[in-house]
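**Q** Kindly return the folded structure for what I paste below:
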Amino acid sequence: MTFLLVLMLFTTSPDTLRLDVCYREAEAHHPLQAETPLRASIAELKVRNLNARFLPGVSLRGQATYQSNVPSFPLSAPGFTLPTISKDQYRVSINVEQLIYDGGLTAGQRALEYAQRDLAQQSVAVEVYKLRDQVNAAFFGVLVQQARAASLAVLEEDLRARLRRVEAQVASGVGMRANVDVLTVELLKVAQQQAEVDAQRRSALAVLGTLLGRPLPEDTVLEPPSVTVEAARPEAHRRPEYGAFELNRTLLVEQERLAERQTRPRVSGFAEAAYGRPPGLDIFENTFQPFYSFGVRVQWNFWDWRTSRRERQTLALQRQVVAAQEAAFTRQIDVAAEQIRHDVERLEELLERDDEIIALRARITAQAASRLENGVITATDYLIERNAEHQARLTRRLHRLQLIQARVRYLTTIGAS
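**A** Have a look, this model is predicted:
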């Protein structure tokens, strides 16, 4: 008893994976996810630079010039000497400039940076969402091979049981050796199919592990999702592409506002503390002295030959282009969703027919097994009926998985998964 408890504690159960967990892990492992924080950091740095425009700008300037001609006064008077202007002039100054009003240009560029950041991040979401199709293919690829493996295992077990009975009949002298050979060959074929199915399952599992960013054990159990499509309608589009369309329109609006603000006046203040000769505008002072100046500067580019107006018109047309692209994308999604919906209805109807076929095939196989045991038919005749039932059961399992996969594709297509 103690040994059993220790064995239960240290024996790990196989991992069970659900499709929604695969979505989350695959999306988290997508290389483009690293782009999202980078885009946010880039936008933040650019916004800081824009905000720095309203901080005082300090610069150090130096200047030395020589003038070939300067004003002179050819007048003289006893006891009075007119000042002379030096041809060499020097100036060293510290200049401070403060932006006071820029017509909302910085605010517009800041909003534009945030809009570009949001659109870039949404573009990542669009690309990451496309990963779901790959996850669906790998996930259901594993399930299909599991279904084939289970069906082959049942077939193998049945064939071995029949082989033992036929061998017993041969040993007692009432059976034919040819039936043993036929069943043995069929078992070898089943073994080949099992090897192929196992290789395909391991390949699909490896692909799924690559998408999830971690190796999956061979005994990983995939849990088929329980999904319905009745409650999900194509009108309820929640795909990330629609968020990208909306953010693209927002970006164009911000660009249009920025274009309108380009023609607004700008007001800034300035101050200068300098040392040089001549000091300031006092050209008659021929000594080095400190001086200063300050004031307000206004700049208004009120006429741009309507370039900003044409730019706004261009952006308005681009918004119409985005609307047309969104309408085309919606139509594409609706067409794809409608096709998948018909596939769902077709597979649901096939499953109903599969149940009827399996019931009939089971009765036929039971009758064939009884005839084989009584020596009425050969093993080949029995295998024909047994394989037909096996194929019917395999077909139903595949149809069921295809139905689940079609429902998942439908929900993924309309963005409801």
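**Q** Centroid-nearest residue for the chain?
**A** Centroid check for the chain by C-alpha atoms, centre = their mean gives residue 128 as the closest residue, at 1.6 Å.
**Q** What residues does that one make contact with?
**A** When contacts are counted by C-beta atoms under 8 Å, 6 or more residues apart in numbering, residue 128 touches 27, 30, 32, 33, 240. C-beta: built from backbone N, CA, C; applies to glycine.
**Q** Could you point out the helix or strand that follows the host helix or strand of it?
**A** Assessed by DSSP states H and E, residue 128 sits inside helix 105-129. Counting by DSSP H and E, the next helix or strand C-terminal to helix 105-129 is helix 131-172.
**Q** On the C-terminal side of that following helix, identify the next helix or strand.
**A** helix 177-212.
**Q** Show me what counts as buried in that following helix.
**A** By 16 or more other C-beta atoms under 10 Å, the buried positions in helix 177-212 come out as 179-180, 182-183, 186-187, 190, 193-194, 197, 200-201, 204-205, 207-209, 211-212.
**Q** I'd like to know how far residue 411 sits from residue 132.
**A** 10 Å (C-beta to C-beta, to the nearest Å).
**Q** Would you map the helices across the stretch 201-350 of the chain?
**A** Taking DSSP state H, counting those that start in this stretch as the test, the helices found in the stretch 201-350 of the chain are 240-261, 307-373.
**Q** now the longest one, how far from the centre of its chain.
**A** Taking the mean C-alpha point of helix 307-373 and that of its whole chain, the gap between them comes to 22 Å (C-alpha atoms, centre = their mean, to the nearest Å).
**Q** That one - contacts with which helices or strands?
**A** For helix 307-373, the packing partners by 3 or more C-beta pairs under 8 Å, 6 or more residues apart in numbering; DSSP states H and E come out as helix 131-172, helix 240-261, helix 379-414.
**Q** Repeat the analysis, applying 6 Å as the threshold.
**A** helix 240-261, helix 379-414 (3 or more C-beta pairs under 6 Å, 6 or more residues apart in numbering; DSSP states H and E).
**Q** So what touches the first one?
**A** So the one you mean is helix 240-261. The contact list for helix 240-261, computed with C-beta atoms under 6 Å, 6 or more residues apart in numbering, reads 103-105, 108, 111-112, 115, 118-119, 122, 125-126, 129, 308, 311-312, 315, 318-319, 322, 326, 329.
**Q** Could you tell me how far the helix holding residue 128 lies from the centre of the chain?
**A** On C-alpha atoms, centre = their mean, the centre of helix 105-129 falls 15 Å from that of its chain.
**Q** cool, and stretch 365-375?
**A** Relative to its chain's centre, stretch 365-375 lies at 58 Å (C-alpha atoms, centre = their mean).
**Q** how about it as PDB, C-alpha atoms only?
**A** C-alpha atoms of stretch 365-375 as PDB (Å, rounded to 0.1, in the frame of the first residue of the first chain):
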ATOM      1  CA  THR A 365     -19.500  -7.800 -39.500                       C
ATOM      2  CA  ALA A 366     -21.000  -9.900 -36.700                       C
ATOM      3  CA  GLN A 367     -22.700 -12.100 -39.300                       C
ATOM      4  CA  ALA A 368     -19.400 -12.500 -41.200                       C
ATOM      5  CA  ALA A 369     -17.500 -13.400 -38.000                       C
ATOM      6  CA  SER A 370     -20.000 -16.100 -37.300                       C
ATOM      7  CA  ARG A 371     -19.700 -17.500 -40.800                       C
ATOM      8  CA  LEU A 372     -15.900 -17.400 -40.500                       C
ATOM      9  CA  GLU A 373     -15.900 -19.400 -37.300                       C
ATOM     10  CA  ASN A 374     -18.200 -22.000 -38.900                       C
ATOM     11  CA  GLY A 375     -16.000 -22.200 -41.900                       C
END
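**Q** which residues are contacting that stretch?
**A** By C-beta under 6 Å, 6+ apart, the residues outside stretch 365-375 that reach it are 377, 382, 385, 386, 389.
**Q** weakest of the helices and strands packed on helix 307-373 in terms of mean pLDDT?
**A** Lowest mean pLDDT within those: helix 379-414, at a mean of 86.
**Q** List the buried residues in it.
**A** Buried, per 16+ other C-beta under 10 Å, within helix 379-414: 379, 382-383, 385-390, 392-414.
**Q** do the same with stretch 350-365
**A** By 16+ other C-beta under 10 Å, the buried positions in stretch 350-365 come out as 350, 354, 357, 361, 365.
**Q** go on, stretch 125-134?
**A** Result for stretch 125-134 [16+ other C-beta under 10 Å]: buried residues 125, 128, 129, 131, 132.
**Q** One more: stretch 290-309?
**A** Buried, per 16+ other C-beta under 10 Å, within stretch 290-309: 291, 308.
**Q** tell me how far the ends of it are from each other?
**A** End-to-end distance for stretch 290-309, by C-alpha to C-alpha, to the nearest Å: 48 Å.
**Q** can you give me the mean pLDDT across that stretch?
**A** Stretch 290-309 comes out at a mean pLDDT of 88.
**Q** what's the spacing between that stretch and its chain's center?
**A** Worked out by C-alpha atoms, centre = their mean, stretch 290-309 lies 46 Å from the chain centre.
**Q** Which residues outside it are in contact with it?
**A** 259, 262-263, 265-269, 271-275, 279-280.
**Q** Which ones among the residues you listed lie within strands?
**A** Using DSSP state E, 266, 267, 268, 269, 271, 272, 273, 274, 275 are the members of the contacts of stretch 290-309 that sit in strands.
**Q** could you flag which of those residues are buried?
**A** Buried among the ones in strands among the contacts of stretch 290-309 (16+ other C-beta under 10 Å): 268, 272, 274.
**Q** ok, so of those residues, who is nearest residue 59?
**A** residue 272 (9.8 Å; C-beta to C-beta).
**Q** How much space separates the closest one from residue 91?
**A** Per C-beta to C-beta, residue 272 is found 10 Å from residue 91.
**Q** Same check on residue 98?
**A** In this view, residue 98 and residue 91 are 22 Å apart by C-beta to C-beta.
**Q** So for those two, which residue has more residues nearby?
**A** Using other C-beta atoms under 10 Å, the more surrounded residue of residue 98 and residue 91 is residue 91, with 19 against 14.
**Q** mind listing what the more buried one touches?
**A** Listed by C-beta under 6 Å, 6+ apart, the contact partners of residue 91 are 63, 274, 276.
**Q** Which elements pack onto whatever helix or strand the first one lives in?
**A** Just to be clear, that refers to residue 63. Assigned by DSSP H and E, residue 63 belongs to strand 57-66. With contacts defined as 3+ C-beta pairs under 6 Å, 6+ apart, the packing partners of strand 57-66 are strand 88-101.
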